[in-house]
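Asker: Predicted model follows, preceded by the sequence.
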Amino acid sequence: MNPSVTVRGLTKRYGRTVVLDGLDLDFGRGVTGLLGPNGAGKTTLLRGLATTLAFDRGRVRALGLDPADREQRTRLRRRLGYLPQDPGFYPHFTLVELVDYMAILKEMTDRRARHREVRRVLEEVGLSDRATTKVRKLSGGMKRRLALAQALIGEPDLLILDEPTAGLDPGQRLRFRALISRLGESRTVLLSTHQTEDVAALCERVIVLSQGRAVFQGSPGQLAGAAAGQVWICQDPPEGSALFWRAADGRYRTVGPRPRGGTPADPTIEDGYLLLLGEPARAAA
């Protein structure tokens with residue numbers, strides 16, 4: 001892999017709390033999924049890669065540029081798109097006004113070309129019919145799609161997405177997957193999510209963070225394979241199991257040592273993730 005982004009020894013503290021602890025990782029063109037429990041450092045990492053936050057120590061190279069250097073940081077910002085976890089909006093703007101304003105901030109000075117780009121990104125996220133609607137009148141899912149539209153302005157080479165499918169209904173999520181899979185064919189996409197099904201559907205690679213470190217980097221199949229031989233189906237609740245749930249067919253699925261009466265089941269990404277992280281993931285589940 002020829003990485004588009006390389007991170008070495010990345011560290012970030014908030015007071016006495018270490019959020020990123022000597023993080024090392026690489027990812028390149030295509031869609032990379034970022035998983036981890038709450039507090040693992042995912043949002044801090046994405047904010048730093050999007051140049052909205054400075055790291056305490058370590059080195060980052062993104063698209064061959066060093067965001068610690070002021071001139072290179074400006075050049076990098078022209079080539080990246082960022083969807084934050086909690087995007088802010090001007091509620092009295094219309095959608096077309098807001099996206100046009102964001103395009104101006106991205107230094108698109110040709111008015112005609114800029115307006116074409118605004119129409120294009122609104123069409124990409126299925127909001128063309130809402131172009132003249134005030135932002136304050138949008139549902140939560142529509143606001144999420146609007147945030148994605150502004151991230152797509154200028155067809156960025158590096159796209160950083162923090163929980164992009166939060167608030168989307170199943171149909172919108174499928175449309176999002178189709179869009180992101182297409183974008184990943186020609187650029188670098190880093191996608192942070194709690195939805196393991198999005199990772200399974202979209203991502204060629206997956207990174208798992210825990211306590212500020214990358215504890216796994218590989219393919220979704222490799223992550224699922226980490227649970228091979230440790231996933232079981234039982235007719236009754238498994239005694240002594242730390243993690244099990246009742247499936248829709250009335251049987252019980254458990255991850256870990258084989259319970260009494262357990263029969264093997266095919267592992268999923270979620271199974272591998274739960275076993276990889278152990279107690280933190282089980283507490284979150």
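Answerer: Looks like it came in fine. Please read all numbers here as calculations on a predicted model, not as lab measurements.
Asker: Could I get the full set of helices for the chain?
Answerer: 42-49, 70-78, 95-105, 111-124, 140-151, 170-183, 196-202, 220-225, 269-277, 279-284 (DSSP state H).
Asker: which stretch in these is the model least sure about?
Answerer: Sorting those by mean pLDDT places helix 279-284 lowest, at a mean of 50.
Asker: For the residue nearest to Leu158 when sequence neighbours are not counted, which residues are in contact?
Answerer: For Leu158, ignoring the flanking residues on the chain, the nearest one in space by Cβ to Cβ, 6 or more residues apart in numbering is Leu80 at 4.3 Å. All C-beta spots, glycine's among them, are computed from the backbone N, C-alpha and C. Neighbouring residues of Leu80 by Cβ atoms under 8 Å, 6 or more residues apart in numbering: 50-51, 62-63, 156-160.
Asker: okay, Leu80: pLDDT?
Answerer: 95.
Asker: how close does it get to Leu65?
Answerer: As judged by Cβ to Cβ, to the nearest Å, Leu80 and Leu65 stand 10 Å apart.
Asker: Now for the nearest residue to Arg130 once chain neighbours are set aside: which residues touch it?
Answerer: Leaving aside its chain neighbours, Arg130 sits nearest to Leu95 (5.6 Å; criterion: Cβ to Cβ, 6+ apart). By Cβ under 8 Å, 6+ apart, the residues touching Leu95 are 122, 127, 130-133, 135, 138, 146, 149.
Asker: how about TSV for these, with neighbour count and distance to Gly229 added?
Answerer: Shown next, in TSV, are the contacts of Leu95 (neighbours: other Cβ atoms under 10 Å; distance: Cβ to Cβ, whole Å):
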residue	neighbour count	distance to Gly229
Leu122	22	48
Leu127	20	46
Arg130	19	50
Ala131	15	53
Thr132	9	57
Thr133	15	53
Val135	18	51
Leu138	18	47
Leu146	24	45
Ala149	24	45
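Asker: so of these, which ones are in strands?
Answerer: Within the contacts of Leu95, no residue falls in strands by DSSP state E.
Asker: circling back to that earlier point, closest to Trp245 out of the helices of the chain?
Answerer: helix 269-277 (10.9 Å; Cβ to Cβ).
Asker: contacts for the closest one?
Answerer: Against helix 269-277 from outside (Cβ under 8 Å, 6+ apart): 35-37, 196, 199-200, 206, 208, 210, 215-216, 220, 223-227, 230-231, 243, 255-256, 281-282, 285.
Asker: Quick check: PyMOL command selecting the buried ones in those.
Answerer: Selecting only the buried entries of those in PyMOL, with 16 or more other Cβ atoms under 10 Å as the criterion:
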select buried, resi 35+36+37+196+199+200+206+208+210+216+220+223+224+226+227+230+231+243+255+256+281
